[in-house]
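1. sequence below, structure please.
(chains A and B)
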Amino acid sequence: MRTLCFGLIARRVLCLCAVVAGVSPAAAFAQPAGGAPPQTATPAPTAAPAQPSAAGSNVFNPDISVIANFVAAAGKNPNASERSLQLREVELSFRSVVDTYARADFFLAASPEGVEIEEGYITFTSLPASLLLKAGKMRAQFGKVNTLHTHAMPSADRPLVTQNLVGGEEGISDSGLSLSRLIQNPLAFLEVTGEVFSGDSLVFQSDRRSRLNYGGRLRAYRDLTESANLDLGGSVAWGPTDLGPGANRRLIGVDATFRYRPLRRAIYRRFQARTELVWSRQDVPGATAARAFGLYGLAEYQFARRWYLGGRLDRSARVQDPDLRDSGASVVLSFWPSEFSQLRGQYRHTRYGEGRRAHEVLFQLSFGIGAHGAHVF
Amino acid sequence: MKIFLASVCAGAALLAVPVDRVLATAAPLRIVTTTEDLASIAREIGGDAVTVDAVARGYQDPHFVEAKPSFILKFSRADLLIVVGRELEIGWLPPLITSSRNARIQVGATGFLDPSANVKILELPTGQLTRAMGDVHPSGNPHYWLDPGNGRLIAASIRDRLTTLDRTNQATYAQRFADFDRRLADAEKRWDAAMQPYKGTRVVTYHRSWPNFTDRFGLDVIGYVEPKPGVPPSPAHTLRLITEMKRQQVKVIIIEPYFDAKTPRQIAAQTGAQVLTLAPSVGGMPGVDDYLKLFDFNINQLVAALAKVGT
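-> Next up, the predicted model:
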């Protein structure tokens, strides 16, 4: 996926735990106050220090950006309700350092359904023992896709397995706590994350304070060479559902990503292959457990400075009716005029479990203004 | 709820783990820098009292480094983080700092050093800025290390910060700075003498990476292969540039090793100019192993090229 950018403006949502986290305001890069002893040998600058003047209180304002996601759809799909032309979402983000100990990131999403807090959390960056704590509303660290906002996806839509088993566009996004820790070792980057949420998402629903949604993730990353790397993860999530007293769901996910990006030609060439597998089990007292499985595999290749070609294969059962299995395939062509806008065309073929087929063409235009965010890795 | 309480207990247990290290006096200070230029200067000043690790390689575009988790590990152990600043690393550094879980190197901490506040910065924008101007840096051109005078100022900042963090080696840092300062001054005389005959020579560069270098050594940049910073070459702009180069008799096009040389070569073929790949950073080209060699290499390449084209 194009790390270049949108990630840029885009999300560090991913972040937090994984690799990413927020973005410090440019002003925060200012030279810290001295403390060093005077050095008589220090030559004077040949020009006046050129730090921009931080006049007034604006210097403490958060970084603000706005990203729009416009999607056009053509072709027939009896199972989808997407409109022909739609400004699906406008995301406003506010990001800044809170104080010496933390930073905050807010993402508000305005869509035809209304305005909601997509994410809003504080990240404590100065905890001991290699710990990182987030508190607020956030996307759960379940696999890769669930952590990504729509405009950071390498396609105009989300994989079938995400839509069928992991809450679709919104995913597992809830109020809670996320604590992650680096496990220092000589072999690889190893990060373990534990999360607890209130149970108020599209996947988990709680009717009592004592019934919470829990999650965990173990991520291992290793550089194979300076240009190639392997990123592996295992995720679990479990919690109550609203299908009846005692009803609950359990999710297990495994993901693997291979990336190749030759450093000398990093702005021209890139390859990424990724797969995610998700197992779901839904238990409702008095009924047989419903087990469903789904996966996707995608590959994306940057063949010119601003062009990407990708493809994705989907297969997923449905959580309520595991006997119905949907499958699909997509081809995606993306063009980035700059780091702040992106045009994408996607052909999508879907074969639904009921036997119906859909052939569609999606066109996506994403564009952002405001602060330069961090690239998604 | 039991599981929640168990999670809280587990968290508390993790907190009880001994903190990494709090600047043990005997162990070398662990320095991480964003670029190899800063790493080279830090080695000059720190010597054996420090270990130095750079994130970006000299032959990659420093604007587009990936925030790899392996870098988070380096950041997590660092006692001092030195950055170029001026938003050069805006696309990848902030997530690394946040995810490092290292209070010592957070922005504003003593272990975070941005030397750009004390150097000569060029191309500070005036008037209204918009992204229609391309990838502009609101805080001025961040490629300031390409002026050896700024290298000296960076070294002084590093010396001061190392002294703050590790007073026991204050004399070492002061002595090593004085030695670096002397060798740099000697080299500057050599470089100035070599470039003296070519002062005022007109050149074209690919990206706006070189203003501090060309300003310091008296070259006149009359145009860029990029129509605007960060915008790939367009046919219309290339034609205009060819016309202007012919009009002004420009015979050298300076490019960075991470850009595609196809368009510069096409321009060169039309204008009779020479495409010269210079090292924008330490490690940018073979043999450019430290900060002094960075200028040795670039000056030698330039002088040879300018002599060849008879400018």
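2. quick check: B:Arg265 vs B:Asn300, distance?
-> 22 Å (C-beta to C-beta, to the nearest Å). C-beta here means a position set from N, CA and C on the backbone, and glycine is covered the same way.
3. what residues does the stretch 201-311 of chain B have near chain A?
-> Residues of the stretch 201-311 of chain B lying near chain A by C-beta under 8 Å from any C-beta of the partner chain: B:Gly230, B:Val231, B:Pro232, B:Pro257, B:Tyr258, B:Phe259, B:Asp260.
4. can the residues you listed go into a markdown table with extra columns for pLDDT and distance to A:Ser175?
-> Below are these laid out as a markdown table (pLDDT from 0 to 100; distance: C-beta to C-beta, whole Å):
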| residue | pLDDT | distance to A:Ser175 |
| --- | --- | --- |
| B:Gly230 | 92 | 39 |
| B:Val231 | 93 | 42 |
| B:Pro232 | 94 | 44 |
| B:Pro257 | 97 | 48 |
| B:Tyr258 | 97 | 44 |
| B:Phe259 | 97 | 47 |
| B:Asp260 | 96 | 48 |
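5. would you turn these into TSV with secondary structure and neighbour count?
-> Output for those, formatted as TSV (DSSP: H, G, I helix; E, B strand; the rest coil; neighbours: other C-beta atoms under 10 Å in any protein chain shown):
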residue	secondary structure	neighbour count
B:Gly230	coil	19
B:Val231	coil	16
B:Pro232	coil	19
B:Pro257	coil	19
B:Tyr258	coil	26
B:Phe259	coil	24
B:Asp260	coil	17
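6. identify the farthest-apart pair in those.
-> Distance extremes for those: the farthest pair is B:Val231 and B:Pro257 at 19.6 Å, using C-beta to C-beta.
7. thought B:Ala194 was touching B:Asp296?
-> No. B:Ala194 lies out of contact with B:Asp296 (C-beta atoms under 8 Å); the separation is 9.7 Å.
8. helices along the stretch 151-300 of chain A, start to end?
-> For the stretch 151-300 of chain A, applying DSSP state H, counting those that start in this stretch gives helices covering A:160-165.
9. same deal with the stretch 201-311 of chain B?
-> Along the stretch 201-311 of chain B, the segments classed as helices by DSSP H, counting those that start in this stretch run B:211-217, B:235-248, B:262-271, B:291-309.
10. by contact count, what packs against the last one?
-> Meaning helix B:291-309. Contacts defined by 3 or more C-beta pairs under 8 Å, 6 or more residues apart in numbering or on different chains; DSSP states H and E place helix B:291-309 against helix B:36-46, helix B:170-195, helix B:211-217, strand B:252-255, strand B:274-277.
11. mind giving me the packing neighbours of the fourth one?
-> In terms of contacts (3+ C-beta pairs under 8 Å, 6+ apart), strand B:252-255 is packed against strand B:202-205, helix B:262-271, strand B:274-277, helix B:291-309.
12. then the last one?
-> Packed against strand B:274-277 by the contact rule (3+ C-beta pairs under 8 Å, 6+ apart) you find strand B:252-255, helix B:262-271, helix B:291-309.
13. who in the stretch 251-377 of chain A is up against chain B?
-> Counting by C-beta under 8 Å from any C-beta, the stretch 251-377 of chain A comes close to chain B at A:261, A:263-268, A:305-306, A:338-340, A:369, A:372-375, A:377.
14. give me the buried entries from the residues you listed.
-> Using 16 or more other C-beta atoms under 10 Å in any protein chain shown as the burial test, these include A:261, A:263-268, A:306, A:338-340, A:372-375, A:377 as buried.
15. now, which of the residues you listed sits nearest A:Ile117?
-> Set against A:Ile117, the nearest of these by C-beta to C-beta is A:Gly373 (18.2 Å).
16. distance check, the closest one against B:Asp79.
-> According to C-beta to C-beta, A:Gly373 and B:Asp79 sit 28 Å apart.
17. count of residues packed around B:Val52?
-> Counted by other C-beta atoms under 10 Å in any protein chain shown, the residues lying close to B:Val52 total 22.
18. quick check: bridge partners of it?
-> Beta-bridge pairing of B:Val52 under DSSP bridges involves B:Ile31.
19. can you tell me the closest non-neighbouring residue to A:Arg357?
-> If you skip the residues right next to it in sequence, A:Arg357 has A:Arg351 as its closest partner in space, 5.2 Å away by C-beta to C-beta, 6 or more residues apart in numbering or on different chains.
20. please apply the same query to A:Leu277.
-> Closest to A:Leu277 by C-beta to C-beta, 6+ apart is A:Leu295, at 4.4 Å.
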